[in-house]
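Participant: Show me the folded form of this:
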Amino acid sequence: MTINFKQYDNDLLFLPLGGSNEIGMNLNLYRTKGKWLMIDCGIGFAEPHLPGVEIILPNIDAIAPFKQDLLACVLTHAHEDHLGALPYLWTELGCPVYATGFTAAVLKAKFAEEGLGGKVKIHEVKAGEQYQIGPFGFEMVPITHSIPEMHAVALRTDKGIVMHTGDWKLDANPLVGVTTDEETLKRYGDEGVLAMVCDSTNVFVEGESGSEEEVRESLTKIIGRCKERAIITTFSSNVARLETVIKAALAAAGARWRSPGNRSGAWWGRRRGRATSPTCRNSSPTSRVCACRATRSRSSAPAARARSRRRWRASRAASIRVSASTPATRSFFPRA
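Facilitator: Purely as a prediction, here's the structure:
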């Protein structure tokens with residue numbers, strides 16, 4: 001079946017080729033006055049019934065014959081399900097790309113992996129500024145999400161304004177990135193919005209989504225109760241969650257080392273700005289440094305302090321049990 005799009009030249013068309021009624025593979029097209037604009041071009045993730053398949057690409061057969069009228073691809077953010085397919089499909093599309101700095105940096109690295117480094121025209125845009133591409137005007141509006149520089153696209157046409165949000169979440173304390181620019185959204189609402197095209201996982205679940213701050217507090221408690229290893233899975237591009245896991249592990253590890261009952265193996269602490277080793281036979285509970293370190297010459301003190309700092313930082317970063325078969329690390333790593 002073929003569609004004669006010319007009969008709709010005076011209309012505003014919305015054509016989703018992926019991402020509607022599914023998770024991932026976001027690819028949305030807008031058409032007016034004979035020109036097309038693409039927003040996002042992401043991959044999908046294979047379900048269990050597709051063994052051996054890792055990613056799925058959207059079918060672009062509907063737009064490939066009209067690529068000469070495809071003005072650009074505007075990216076909302078750097079998650080795989082919104083830009084991951086572009087390096088694989090760009091040779092069939094050949095359009096310039098518009099993205100903010102962080103998203104552009106991620107995309108450039110992906111293009112380089114596919115041998116397209118320097119071949120794709122990528123325009124870096126900024127939030128709050130107005131841009132015009134043919135009959136489409138647009139502004140990038142900051143939105144809260146789990147990755148830096150997430151933006152909605154306020155698309156302006158002669159038929160009206162379309163607010164294309166990409167992924168969004170209302171979070172007063174997202175921990176990573178900025179909060180949603182509610183003032184700009186209100187401004188567009190007062191002006192009048194023709195349609196809102198939005199994407200938010202669990203949008204049909206009643207109630208409020210928890211803040212990332214609440215997740216961090218909960219994970220810190222859970223990891224702190226673990227006596228052995230804590231294994232956590234997440235999307236590698238969920239920057240906020242990765243930071244939460246790291247800080248939760250550090251907090252739990254720090255609490256364990258400060259515990260009076262921690263006598264399992266040697267450990268390093270800080271007292272009065274210098275490192276001490278309670279397991280050293282020559283140390284005393286009240287000394288700033290153990291006797292064996294105090295006998296060193298003054299010339300070696302800076303280097304010794306630097307080594308102590310490195311060991312202390314390494315021990316703070318450890319959140320797993322170190323095997324007894326590695327005595328070199330057992331000297332300053334605690335057991336979980």
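
Participant: what about residue 242, is that helix, strand or coil?
Facilitator: Three-state assignment for residue 242 (DSSP: H, G, I helix; E, B strand; the rest coil): helix.

Participant: I'd like the distance between it and residue 43.
Facilitator: From residue 242 across to residue 43, the span is 20 Å (Cβ to Cβ, to the nearest Å). For glycine as for every other residue, the C-beta is placed from the backbone atoms N, C-alpha and C.

Participant: neighbour count winner among these two?
Facilitator: Higher neighbour count among residue 242 and residue 43: residue 43, with 26 against 16, using other Cβ atoms under 10 Å.

Participant: My read is that the more buried one contacts residue 53, right?
Facilitator: No - contact criterion Cβ atoms under 8 Å: residue 43 and residue 53 do not qualify, at 11.2 Å.

Participant: beta partners of residue 142?
Facilitator: residue 151 (DSSP bridges).

Participant: Now do the same contact list for it.
Facilitator: Listed by Cβ atoms under 8 Å, 6 or more residues apart in numbering, the contact partners of residue 142 are 127, 149-151, 177-181, 184.

Participant: same thing with residue 53?
Facilitator: Residues counted as contacts of residue 53 (Cβ under 8 Å, 6+ apart) are residue 46.

Participant: Just read off the phi/psi values of it.
Facilitator: Dihedral pair for residue 53: phi -100, psi 130, per degrees, to the nearest 10.

Participant: Could you check the pLDDT of it?
Facilitator: Reading off the confidence values, residue 53 has pLDDT 88.

Participant: Kindly provide the distance from it to residue 172.
Facilitator: Taken as Cβ to Cβ, the span from residue 53 to residue 172 is 39 Å.

Participant: likewise residue 60?
Facilitator: Note on residue 60: its distance to residue 172, by Cβ to Cβ, is 39 Å.

Participant: which of those two has more neighbours?
Facilitator: More crowded of residue 60 and residue 172, by other Cβ under 10 Å: residue 60, with 20 against 9.

Participant: Now do the contacts for the more buried one.
Facilitator: Applying Cβ under 8 Å, 6+ apart, we find residue 60 in contact with 17, 27, 89, 92-93.

Participant: got it, and residue 121?
Facilitator: Here residue 121 is in contact with 96-97 (Cβ under 8 Å, 6+ apart).

Participant: and the contacts of residue 142, which are buried?
Facilitator: 127, 149-151, 177, 180-181, 184 (16 or more other Cβ atoms under 10 Å).

Participant: Just to be sure, which of those residues are found in strands?
Facilitator: residue 151 (DSSP state E).

Participant: just to revisit the earlier point, select from the contacts of residue 60 the one having the most neighbours.
Facilitator: Result: residue 27 is most packed of those (other Cβ under 10 Å), 29 neighbours.

Participant: doesn't residue 44 make contact with that residue?
Facilitator: No - under the criterion of Cβ under 8 Å, residue 27 is not in contact with residue 44, lying 9.8 Å apart.

Participant: Which residues are in contact with each of these two?
Facilitator: Common contacts of residue 27 and residue 44 (Cβ under 8 Å, 6+ apart): 18, 58.

Participant: Look at residue 99 and report its pLDDT.
Facilitator: 97.

Participant: Now do the SS call for residue 205.
Facilitator: On the three-state scheme (three-state DSSP), residue 205 is labelled coil.

Participant: Report the contact partners of it.
Facilitator: Contacts of residue 205 (Cβ under 8 Å, 6+ apart): none.

Participant: Distance check, residue 229 against residue 201.
Facilitator: According to Cβ to Cβ, residue 229 stands 29 Å off from residue 201.

Participant: oh, I was asking about residue 77
Facilitator: 14 Å.
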